[in-house]
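Asker: What would the 3D arrangement of this be:
(one chain, ligands or ions: 2)
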Amino acid sequence: MVDDLPRLAQADDYMRYGRQMILDDFGLQGQLQLQNSSVVVIGAGGLGCPALQYLAAAGVGRLGIIDHDVVELSNLQRQILHTDKTIDTPKAESAAQAIAALNPRVTVDVHPTALDSSNALSILAPYDVILDCTDNAPTRYLLSDSAVRLKKPLVSGAAQKFDGQLCVYNLGDDGPCYRCIFPKPPASEMAGSCEETGILGAVTGIIGNLQALETIKLITGLHDGKASLLLFSALSVPPFRTVKLRSRKPTCAACGIEGQKIGSVEETDYVAFCGGARPNWLERGLEAGRPESRIYVKELKSIIESERKHTIIDVRPRTEFGICRLPRSTSVPLNILLANPAPHLPSDKSCQVFVVCRLGNDSQIAVDAITAMDADLIVKDVVGGLRAWSNEIDPTFPVY
Ligand SMILES: Nc1ncnc2c1ncn2[C@@H]1O[C@H](COP(=O)(O)OP(=O)(O)OP(=O)(O)O)[C@@H](O)[C@H]1O
Ligand SMILES: [Zn+2]
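Answerer: Numbering: from 1, shown residues only. Ligands and ions are numbered 1, 2, ... in the order given. Predicted coordinates:
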């Protein structure tokens with residue numbers, strides 16, 4: 001006897017997804033909706049990995065993974081689909097391999113490319129739901145404007161340090177878009193990467209999981225359709241807060257009823273809109289005309305060994321000073337030094353001052369400030385910072 005119910009693709013799918021299919025309001029219908037759905041995840045990093053993992057396990061039929069980057073050792077602390085074995089592999093490829101091992105039912109589209117205004121609409125168009133798991137403002141605006149154009153919900157996550165944020169934009173007919181809430185991009189100094197600001201892996205895990213959950217609710221009709229911004233702070237009690245959001249802003253440049261004020265996605269320069277490329281301090285190199293205010297690590301080593309009068313000031317945050325440091329260096333975090341350099345400098349003008357930091361950027365700022373205050377002092381920044389010390393002088397010196 002044959003019943004008239006629709007069937008999942010494979011007989012053992014009933015066993016695989018049984019634990020969620022028996023949930024009231026989910027049922028066979030919910031599983032079929034997942035099986036027939038497609039989701040695209042931009043960024044297979046800290047947020048994208050847990051989001052992809054739960055979406056794949058739950059049985060989303062098609063997953064698109066977009067990421068232009070390759071897996072690095074420093075990613076593994078939180079980007080849990082990648083492993084030691086996939087270091088140097090494109091992240092989109094590495095994530096696809098992990099998903100295939102977890103749930104071979106899922107069709108995965110691998111896009112090892114950077115999403116930009118030229119390719120966004122065509123890459124995103126085939127999918128039902130878009131997940132923003134990236135880490136930079138230009139891509140957030142690009143994704144929001146694309147989602148508005150394509151009339152698709154955008155499940156957006158963000159995480160930094162101990163904190164995270166989650167929001168579904170473009171919900172239904174009148175849910176706000178990212179521009180409704182954040183019409184202007186953040187100041188570029190606020191937008192530090194995980195490498196600069198730090199991030200606890202479990203925090204990205206929480207936000208990425210919530211992105212998967214919101215997506216599953218959207219696809220299976222369990223979402224209440226109300227827009228809210230969820231704020232998570234691991235060190236606060238309680239750690240979760242929710243802010244209700246107003247509906248679409250009539251004046252919004254992207255989704256407002258007063259018509260689109262921004263140009264087409266294809267014609268918009270999102271990097272310029274967000275204040276241009278962030279300064280690449282790593283490439284700043286020797287400042288023209290001031291080579292006397294810099295010292296290379298080899299020369300620093302010989303000065304340390306010669307025991308000529310000198311002092312080494314380390315301007316990294318105290319926590320980083322607690323991870324590794326040069327012998328006999330003194331910790332004066334950059335903000336403290338900039339506030340008032342004088343108390344931290346030697347009174348003996350024949351004592352040279354060397355300023356060191358992690359990569360050789362903050363030390364340049366510190367040297368500029370000290371020189372402006374005391375022109376008689378010999379003060380130099382250590383080119384390339386502690387990273388150069390590790391690369392060129394002492395390979396056992398920790399790199400982080
Ligand atoms: N426009 C884009 N197109 C494709 N992938 C993007 C885009 N913007 C950001 N990403 C990807 O989003 C991911 C963000 O994840 P995350 O910040 O956890 O990783 P990360 O950049 O490797 O971190 P870290 O700052 O430690 O180097 C990265 O893998 C990055 O390559
Ligand atoms: Zn809007």
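
Asker: shaky segments in the protein?
Answerer: Within the chain, the stretches with pLDDT under 70 are 188-191, 258-260, 277-290.

Asker: what are the ranges of the strands in it?
Answerer: Under the criterion DSSP state E, strands of the chain are mapped to 38-42, 62-66, 107-111, 129-132, 154-160, 163-169, 228-233, 240-244, 294-295, 310-314, 329-331, 352-356, 379-382.

Asker: would TSV of those strands with distance to Tyr54 be doable?
Answerer: All C-beta spots, glycine's among them, are computed from the backbone N, C-alpha and C. Output for the strands of the chain, formatted as TSV (distance: least, Cβ to Cβ, whole Å):
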stretch	distance to Tyr54
strand 38-42	11
strand 62-66	11
strand 107-111	15
strand 129-132	11
strand 154-160	12
strand 163-169	14
strand 228-233	17
strand 240-244	18
strand 294-295	49
strand 310-314	42
strand 329-331	42
strand 352-356	43
strand 379-382	45
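
Asker: Which one, of those strands, ends up nearest to Leu337?
Answerer: strand 310-314 (7.2 Å; Cβ to Cβ).

Asker: What strands flank that closest one, and is each parallel or antiparallel?
Answerer: strand 329-331 (parallel), strand 352-356 (parallel) (DSSP bridges).

Asker: got the contact list for the residue positioned nearest the centre of the chain?
Answerer: Nearest residue to the geometric centre of the chain (Cα atoms, centre = their mean): Asp135, 3.0 Å. Asp135 makes contacts with 43, 45-46, 158, 193-194, as judged by Cβ atoms under 8 Å, 6 or more residues apart in numbering.

Asker: Tell me the one of the residues you listed nearest ligand 2?
Answerer: Ala158 (17.6 Å; Cβ to the ion).

Asker: Up against ligand 1, what does this protein have?
Answerer: Contacts of the chain with ligand 1, taken as Cβ under 6 Å from any ligand atom, map to 42-46, 66-69, 74-75, 79, 91, 114-115, 134-136, 139, 193-195.

Asker: What residues does the closest residue to Leu359 other than its chain neighbours make contact with?
Answerer: Excluding the flanking residues, the one nearest Leu359 by Cβ to Cβ, 6 or more residues apart in numbering is Gly385, at 4.7 Å. By Cβ under 8 Å, 6+ apart, the contact set of Gly385 is 356-361, 363.

Asker: Which two of those residues have the greatest separation?
Answerer: Using Cβ to Cβ, the two most remote members of those are Val356 and Asn361, lying 11.3 Å apart.

Asker: So the two - more neighbours on which side?
Answerer: Val356 (28 against 20; other Cβ atoms under 10 Å).

Asker: got the contact list for the more buried one?
Answerer: 312-315, 326, 329, 363, 381-382, 385-386, 389.

Asker: Any chance of JSON lines for the residues you listed, columns distance to Glu292?
Answerer: Listed next are these as JSON lines, based on distance: Cβ to Cβ, whole Å:
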{"residue": "Ile312", "distance to Glu292": "18"}
{"residue": "Ile313", "distance to Glu292": "18"}
{"residue": "Asp314", "distance to Glu292": "21"}
{"residue": "Val315", "distance to Glu292": "20"}
{"residue": "Leu326", "distance to Glu292": "22"}
{"residue": "Ser329", "distance to Glu292": "22"}
{"residue": "Ser363", "distance to Glu292": "15"}
{"residue": "Asp381", "distance to Glu292": "11"}
{"residue": "Val382", "distance to Glu292": "14"}
{"residue": "Gly385", "distance to Glu292": "19"}
{"residue": "Leu386", "distance to Glu292": "22"}
{"residue": "Trp389", "distance to Glu292": "21"}
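
Asker: what's the closest of those residues to Ile257?
Answerer: Closest approach between the contacts of Val356 and Ile257, by Cβ to Cβ: Val315, at 50.9 Å.

Asker: how much space is there between whichever residue of the stretch 201-350 of the chain sits closest to ligand 1 and Asp69?
Answerer: Nearest residue of the stretch 201-350 of the chain to ligand 1: Thr204, at 6.4 Å (Cβ to the nearest ligand atom). Separation of Thr204 from Asp69 (Cβ to Cβ, to the nearest Å): 15 Å.

Asker: Looking at these two, which is more packed in?
Answerer: Thr204 (29 against 15).

Asker: Which residue, other than its chain neighbours, is closest to the more buried one?
Answerer: Here the residue nearest Thr204, using Cβ to Cβ, 6+ apart, is Gly46, at 3.3 Å.

Asker: which residues of the stretch 1-150 of the chain fall in helices?
Answerer: 13-16, 18-21, 27-35, 48-58, 91-102, 120-124, 137-150 (DSSP state H, counting those that start in this stretch).

Asker: do you know which of those helices lies nearest ligand 2?
Answerer: Per Cβ to the ion, nearest to ligand 2 of the helices of the stretch 1-150 of the chain: helix 137-150, 6.7 Å.

Asker: report the longest helix in the chain, please.
Answerer: helix 201-220 (DSSP state H).

Asker: Show me what that one is packed up against.
Answerer: Under the contact criterion of 3 or more Cβ pairs under 8 Å, 6 or more residues apart in numbering; DSSP states H and E, helix 201-220 touches helix 27-35, helix 48-58, strand 129-132, strand 154-160, strand 163-169, strand 228-233.

Asker: No more questions from me, cheers.
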